[in-house]
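S.K.: show me the folded form of this:
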Amino acid sequence: MTTGPRATAGLVAGADACTGAYGHLATVGGVSTDGTADAPRRPAQGAGWAPDHPRRAARMRVVGPVLGVVWLVFLLQPWQAAWDARPGAERDLSLAAVALLAASFAWVVTRRAAPFARPTPLPQAAAVLGVQLALVALSTLAAEEVGLVGLVFVGVSAIFLLRDPRALLVAPASIAAILVLPRVVPGWEPIDDLVISVVLATLAVFGFTQLVQRNRQLQAARDEVAVLAVEQERERIARDMHDILGHSLTVISVKAELASRLMDVDADRARAEVLEVQGLARAALADVRGMVAGTRAVTLAGELAGARQAFDAAGIEADVPGALDAVPDHLRELFAWAVREGTTNVLRHAAATRVAVTLSADTLTIDDDGADGVAADAAGRGPGTGLAGLSERARRAGARVETGRGPLGGYRLRVTTAPTGGATR
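M.R.: Numbers count the residues shown, from 1 in each chain. Sure thing, here's the model as predicted:
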């Protein structure tokens, strides 16, 4: 008996159909089986998979196995060969073996062939494949060489069970059996065309499973990128909120305290300070709204003017530069944030009477005569949210933040791109 060209083509088509049985499901994870991007998906929840189209996924979980099992029709070939054999125990064993082989393959397709199924543990996979090979051997008792058709299904089962290159070792063993056994067993006829079925089925299914695995990895990477983007945005909002409200509320607190002291001494001056507090509160609200909308801009000139005003209100002698020409454009925003952070630190923690702000083409320095650099951590001026946020901004701009004792005897905050410095954060 021979399988014939038409039967061989049918077996190849059957094996290919097993690879495509879950093809639609492979696109639900976010990337189609041809490697192209599908519509955006929700990030995976934990280690699970959350498709955007649950009804479609549920439908394909039913349709996929049905399409795979349908191709068991090609096992009718060895079944028919065994049926036509002489009645007896060998015929009955062969028929039972073909039926059990079909059942085992159906189990593999329905339980292990889904794109998102995990690899089967090696001992269990080896047991299943061993049983299938034994059934193929039993089917040849009556079906003779036609029973070797079952080796195609064994090869496909190996790939679905193991899902790694080890499964490809079944194909050479099957090919050797197909080429050798018909030539050494009396009464058998060569069926070399079955080798094509084994090779094509093995390569097609293996390629499909590897593509699905890569798509899963790509989807996991996309989900991780989405989570990281959310975390980075959350950190940005927290950093900006600290920088904006920390500075504004500190200045408001200083001016409100000044207004309360002036209330009985100079009512007009106190009223002016209260009006400035009101304006600062409105400006802080506008800043928060702009931050949320992503439209808020920070300028070095504006921050220097605000710092000068805040130091004057606190009664601190301040040396603040007015010329910005030496500062390149790409550093002005960073230096503006540094002025804001430095001003907030001086007003909150320094107990200073004098502040000096200096600017150059690559460096901004803020020195005060308050709590010195050694006592900075005890005064609450060590690494915190503000300095951490400023350090992150500096890193992105190719600069660094340095802190320590300054020449005025107090604290120094230095942001620079120059290759020198003290304690770098």
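
S.K.: going forward, measure contacts and count neighbours with C-alpha atoms only.
M.R.: Noted.

S.K.: from residue 143, how far out is the closest residue to residue 144 other than its chain neighbours?
M.R.: The spatially closest residue to residue 144, leaving aside those adjacent along the chain, is residue 188, at 6.3 Å (C-alpha to C-alpha, 6 or more residues apart in numbering). From residue 188 over to residue 143 the distance is 10 Å, taken as C-alpha to C-alpha, to the nearest Å.

S.K.: repeat for residue 252
M.R.: Relative to residue 143, and taking C-alpha to C-alpha, residue 252 is found at 94 Å.

S.K.: cool, and residue 175?
M.R.: From residue 175 across to residue 143, the span is 18 Å (C-alpha to C-alpha).

S.K.: for the stretch 51-200 of the chain, what spans make up the helices?
M.R.: With DSSP state H, counting those that start in this stretch as the definition, the stretch 51-200 of the chain shows helices at residue ranges 54-70, 76-83, 89-112, 122-143, 150-162, 170-184, 194-262.

S.K.: could I get those as a markdown table with mean pLDDT and mean neighbour count?
M.R.: Shown next, in a markdown table, are these (pLDDT from 0 to 100; neighbours: other C-alpha atoms under 10 Å):
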| stretch | mean pLDDT | mean neighbour count |
| --- | --- | --- |
| helix 54-70 | 62 | 16 |
| helix 76-83 | 90 | 20 |
| helix 89-112 | 90 | 20 |
| helix 122-143 | 92 | 20 |
| helix 150-162 | 90 | 26 |
| helix 170-184 | 92 | 17 |
| helix 194-262 | 80 | 18 |
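
S.K.: I'd like those laid out as JSON lines, including distance to residue 339.
M.R.: Shown next, in JSON lines, are those (distance: least, C-alpha to C-alpha, whole Å):
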{"stretch": "helix 54-70", "distance to residue 339": "53"}
{"stretch": "helix 76-83", "distance to residue 339": "83"}
{"stretch": "helix 89-112", "distance to residue 339": "62"}
{"stretch": "helix 122-143", "distance to residue 339": "63"}
{"stretch": "helix 150-162", "distance to residue 339": "61"}
{"stretch": "helix 170-184", "distance to residue 339": "70"}
{"stretch": "helix 194-262", "distance to residue 339": "10"}
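
S.K.: among the ones you listed, which is nearest residue 270?
M.R.: helix 194-262 (4.5 Å; C-alpha to C-alpha).

S.K.: which helices and strands sit right next to that closest one?
M.R.: In terms of contacts (3 or more C-alpha pairs under 8 Å, 6 or more residues apart in numbering; DSSP states H and E), helix 194-262 is packed against helix 4-20, helix 150-162, helix 170-184, helix 267-293, helix 300-314, helix 329-345, helix 385-396.

S.K.: how many other residues sit next to residue 264?
M.R.: Counted with other C-alpha atoms under 10 Å, residues neighbouring residue 264 total 9.

S.K.: from now on call the first residue 43
M.R.: Renumbered: residue one is now 43, and that last one reads residue 306.

S.K.: Three-state assignment for it, please.
M.R.: coil (DSSP: H, G, I helix; E, B strand; the rest coil).

S.K.: how near is it to residue 300?
M.R.: In terms of C-alpha to C-alpha, residue 306 sits 11 Å off from residue 300.

S.K.: quick one: contacts for the residue nearest to residue 459 when sequence neighbours are not counted?
M.R.: Nearest non-adjacent residue to residue 459, counting by C-alpha to C-alpha, 6+ apart: residue 441, 4.4 Å away. Going by C-alpha atoms under 8 Å, 6 or more residues apart in numbering, residue 441 touches 457-460.

S.K.: of those residues - the most surrounded one?
M.R.: Most neighbours among the contacts of residue 441, by other C-alpha under 10 Å: residue 457, with 26 neighbours.

S.K.: from residue 263, how far off is residue 128?
M.R.: Separation of residue 128 from residue 263 (C-alpha to C-alpha): 60 Å.

S.K.: and if you look at residue 235?
M.R.: Distance from residue 235 to residue 263, by C-alpha to C-alpha: 43 Å.

S.K.: then residue 113?
M.R.: Counting by C-alpha to C-alpha, the separation of residue 113 from residue 263 is 35 Å.

S.K.: give me the phi and psi for the residue lying farthest from the centre of the chain.
M.R.: No residue in the chain has its C-alpha farther from the mean C-alpha position than residue 307, which lies at 62.6 Å (C-alpha atoms, centre = their mean). Torsion angles at residue 307 (phi, psi; degrees, to the nearest 10) stand at phi -100, psi -50.

S.K.: do residue 361 as well
M.R.: phi -110, psi 100.

S.K.: for it, what are its contacts?
M.R.: So residue 361 contacts 397-399 (C-alpha under 8 Å, 6+ apart).

S.K.: let's see it at 10 Å
M.R.: 350, 353, 396-400, 408-409 (C-alpha atoms under 10 Å, 6 or more residues apart in numbering).

S.K.: for it, name its beta-bridge partners.
M.R.: Beta-bridge pairing for residue 361 (DSSP bridges): residue 398.

S.K.: ok, now how distant is it from residue 350?
M.R.: In terms of C-alpha to C-alpha, residue 361 sits 8 Å off from residue 350.

S.K.: and what of residue 399?
M.R.: On the measure of C-alpha to C-alpha, residue 399 and residue 350 end up 10 Å apart.

S.K.: next, show the common contact partners of those two.
M.R.: Common neighbours of residue 399 and residue 350 (criterion: C-alpha under 10 Å, 6+ apart): 360-363, 385.

S.K.: and of the residues you listed, the nearest to residue 132?
M.R.: Out of these, the member with the shortest distance to residue 132 (by C-alpha to C-alpha) is residue 385, at 95.3 Å.

S.K.: residues near the nearest residue to the closest one once chain neighbours are set aside, how many?
M.R.: Excluding the flanking residues, the one nearest residue 385 by C-alpha to C-alpha, 6+ apart is residue 349, at 6.0 Å. Using other C-alpha under 10 Å, residue 349 is surrounded by 23 other residues.
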